[in-house]
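Novice: Model the following, please.
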Amino acid sequence: MPLLKQYSPILLPILFLATSLAATGQVKIIHGMARDSHSEEPIPFASVSFKHTTIGKLTDSSGSFSFNLNNWPSDTLEISCVGYQPFRYILDKKKDSVSVIFNLERGTFNEGAQVKIKINKGLLVWRKIVQHKTENDRYRFDNFSYELYNKLELDLKNINFQKFGRFKPLKSISDLINQNIDTSEVINYLPTYLTETLSDYYYQKSPKTRREIIKAANTNGVKNESVLKLLGGMDQVVNVYNNFIPLFDKQFVSPISDNGDYYYNYRVVDTQVISNQRFYHLIFTPRRKGGDTFEGDCWVHAGTFAIQRMNLRLGKEANINFLETLSLIQEYKFLDDTTWFLSKDKFVADLSPVGKDKPGFIARKTTTYRKVIVNDTSVVLEVSKNKLMEEIITLPKANEKPKEFWTTVRHEPLTKTESGIIKMIDTLTNAPVFQKFTRSMAFIGSGYKDIGNYEIGPWFNWITSNGWEGFRVRFDIATNKHFNKKFKFHTYLAYGFGDKKLKGMGEIFYLPNKSPRTFLYASYTHDLDFGQNYYGEVSSDNIFALAIRKNNIPVKNIKVDEKKLEFFNETLPWMSNLITITHKTTLPLRNLLPIDSFKVTGNGKPFTNFEIALRIRFAYLERFLESHFYRTSLGSSYPIGEINISQGFAGILKSSYPYTKISASVSDYVNIPPFGNISWLVYGGKTFGTLPYILLDIAPGNELYYYNKFAFNMMNRWEFIHDKYAGINIEHNIGNGIFRLFPKLRFRQFWTAKTLWGSLSPGNQALNFKQGHNFQTLNGNTYLELGTGIDNIFHVFRIDFVWRVLPSTLTRQNDKNFGIFGSFRVAF
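Specialist: I've put the predicted structure just below:
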């Protein structure tokens, strides 16, 4: 005993530790997380329980859970949550410790019996949210700023590389990917591309000013600055407090819209306490199928009725082309005890262009917000540097940051998958076989192919046919940016086997400065005139026009010999000037009044003119997608206007006609949710002088069965000529419209109206209305076309039904007043 007493201070702790370790050996531990299988976001407060027992708990606010048990109560763990399909996990009872992630598939928010109640708590919570919107919307602040981290990822899905590699042109690509990824069977998705941007964003409410400074961009090979600006946060912030939420090219009704009870059913299914704060779990479902609405749930703070977390979903029933599933998650955090601010949003879209279970894409965007400052003079000081209401500044070498930089500045570390994407992209883009494949695909899609320092194409202009030339071949060649960074040369030669004549064109483009944009352009053309060319429309000078020309309409052919010089300058970010000097000789070939019907005095030549023109374009906050030499407008949130002034001179290089032309136009594209969108164009002009029809204002007609958005489709070319005119074009895309009754069709409805007023002076009528002519003038009367139709047939086809309503008294070569036209329109 004395010995025991002597050593008891040492033995007792040892015995206690040994007993504890023995007991620990009997403890069963399981910990894990419940996640949404689509968005990969955690699911808070999901029920996790052992089957046929009373042992269970809820996941915490981060979707995590854990159990510490003396023994396994059951061999099955059941996980359930409103809006998800029940999930069962079979435990291996031989294991003492289990770590697992449960990916829950989407279910429905309409589970359970429907019970009639006098007071709908969900509707009351929705009303409180709407009542407090002005107190919780971040745009209530006079100003704010934050650091924004934006991450975009693109994945390929449903790829079977065994079949992929059997197609000989793709075998080399398949082999290359197989070297980097295990592709022994069909994989759910293959990560293919990832970009990151880090920027500082500033907002001021009055006067409304926005400024973004892109500090860093990791674009994995993309060096285009216009693309970098699109990857920032200027136009990517969704505000759930607005009545409508933009997705793709549509406007969806927000579940907390002021009129949300007309579109949604609401239900409160739970109340939880998080960090001593009480939150309601509100779910919402569409009241009607086929509308532009979401389903989902949100957690609402009981004191301020602010949104703490919003989960929005769209499924295949949504009228968005190619969409399988969409998730949009937003999270908000306290800045202080009463002020909420956006902390994270995530967007995941699952797109299947060729059908379910076929190869497609998964696009993911994750944005986080840090270093939030509200109502601070530092924000006012920064936005005061703006010259425009909105400015995006890309800092020098923003896209040249090293890997070590990104490791320190990311708001969230990259996952193992995301790190693998960057490594794979680097491998692929540097592989010659992959470079060859991408060049081939670009040639098929764009029509152009680079060969060293030169470019050939477009291929769809190589072969065509028309009544004058017969079989026609054409070949283009141009320099590319590898030849010279500022100069671009282009030429083509064409030959008609019917008229046995060689034609061609040559042009030079010089771009000394991209911002502000300035360029010089010179060209010489000796070819047929194939009519008005409109971007995105089918013209007569390509292979696609062969089979879609209207019957019984005489083909008018004109030959032109034209020299042109242009100077373009962006005077201001919202205004540009284009000065054009043109010398042109036109020769009518058939079905138009011949050149010998028009006599000229002096040394001039008939149908030869020399002109200097000025175009002033107003486009506030217009966005562009730029290639090395050229750029494509992405439009503006404001109307775009143009003023054109032209002066013709006689006696210069045998020109014969003095005249003055003035014209102007204004156009806009306006969303009018929930009634779709409207695009409109208002234009007018006047020509001063007595001129042959070649130099007058020719109303744009269309002699193809392919619908032309910019022309009068029931009017022939050269049918109406004027020296004074005005017109209005309107197109209203309604959306589902009456096809909401047949949601499986996915059709969309629209209507169009195009009207024109015009007149021709007596002097110009006397000169041009001669025996054998087929010209007409409206003489102040109204020309009106009305149309409607079906859009989104098989996602890409559109059919227009067009009526020529006015004028009813004028004669025409084709007296049909109704026509059916087709076109391709790829849109979401």
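Novice: From the centroid of this protein, which residue is nearest?
Specialist: Phe248 (5.9 Å; CA atoms, centre = their mean).
Novice: Show the contacting residues for that one.
Specialist: 320, 828 (CB atoms under 8 Å, 6 or more residues apart in numbering). In short, each C-beta sits where N, CA and C put it, glycine included.
Novice: try 6 Å
Specialist: Contacts of Phe248 were listed using CB atoms under 6 Å, 6 or more residues apart in numbering, and they are Phe828.
Novice: do the same with Thr782
Specialist: Going by CB under 6 Å, 6+ apart, Thr782 touches 757, 806.
Novice: Please apply the same query to Lys416.
Specialist: Lys416 makes contact with no residue under the criterion CB under 6 Å, 6+ apart.
Novice: Now do the same for it: its pLDDT.
Specialist: pLDDT for Lys416: 75.
Novice: and if you look at Ile672?
Specialist: Per-residue confidence (pLDDT) for Ile672: 90.
Novice: pretty sure Tyr193 contacts Leu154?
Specialist: Yes: with contact defined as CB atoms under 6 Å, Tyr193 counts as touching Leu154 (4.3 Å).
Novice: who's more crowded, those two?
Specialist: Tyr193 (19 against 15; other CB atoms under 10 Å).
Novice: Partner strands of the strand or helix carrying that one, with direction?
Specialist: Using DSSP states H and E, Tyr193 maps to strand 187-204. Note on strand 187-204: by DSSP bridges, its sheet partners are strand 143-159 (antiparallel), strand 209-218 (antiparallel).
Novice: worst average pLDDT in these?
Specialist: When the strands paired with strand 187-204 are compared by mean pLDDT, strand 143-159 comes last with a mean of 86.
Novice: buried set for that one?
Specialist: Judged by neighbour count (16 or more other CB atoms under 10 Å), strand 143-159 contains these buried residues: 143-153, 155-159.
Novice: and which of those residues is nearest to Phe629?
Specialist: Of all the buried residues of strand 143-159, Phe629 sits closest to Leu152, with 26.3 Å by CB to CB.
Novice: Which residue comes closest to the closest one once chain neighbours are left out?
Specialist: Distance criterion CB to CB, 6 or more residues apart in numbering; nearest residue to Leu152, sequence neighbours excluded, is Thr195 at 4.8 Å.
Novice: Hmm, that neighbour is touching Leu154, no?
Specialist: No: Thr195 is beyond contact range of Leu154, at 8.8 Å (criterion: CB under 6 Å).
Novice: So what's the residue count around Gly735?
Specialist: By other CB under 10 Å, the residues close to Gly735 number 22.
Novice: which residue packs closest to it, ignoring adjacent ones?
Specialist: Distances taken as CB to CB, 6+ apart put Gly676 closest to Gly735, at 4.5 Å, once the chain neighbours are dropped.
Novice: got the contact list for the one you found?
Specialist: Contacts of Gly676 by CB under 6 Å, 6+ apart are 733-735.
Novice: that older thread, nearest to Val666, of the strands paired with strand 187-204?
Specialist: That would be strand 209-218 among the strands paired with strand 187-204, by CB to CB, at 24.8 Å.
Novice: Name the residues that touch that closest one?
Specialist: Contacts of strand 209-218 (CB under 6 Å, 6+ apart): 196-203, 228, 232, 234, 383, 386, 389-395, 398-399, 401, 406.
Novice: where do the helices sit along the stretch 701-828 of the chain?
Specialist: Using DSSP state H, counting those that start in this stretch, the helices of the stretch 701-828 of the chain run over 762-768.
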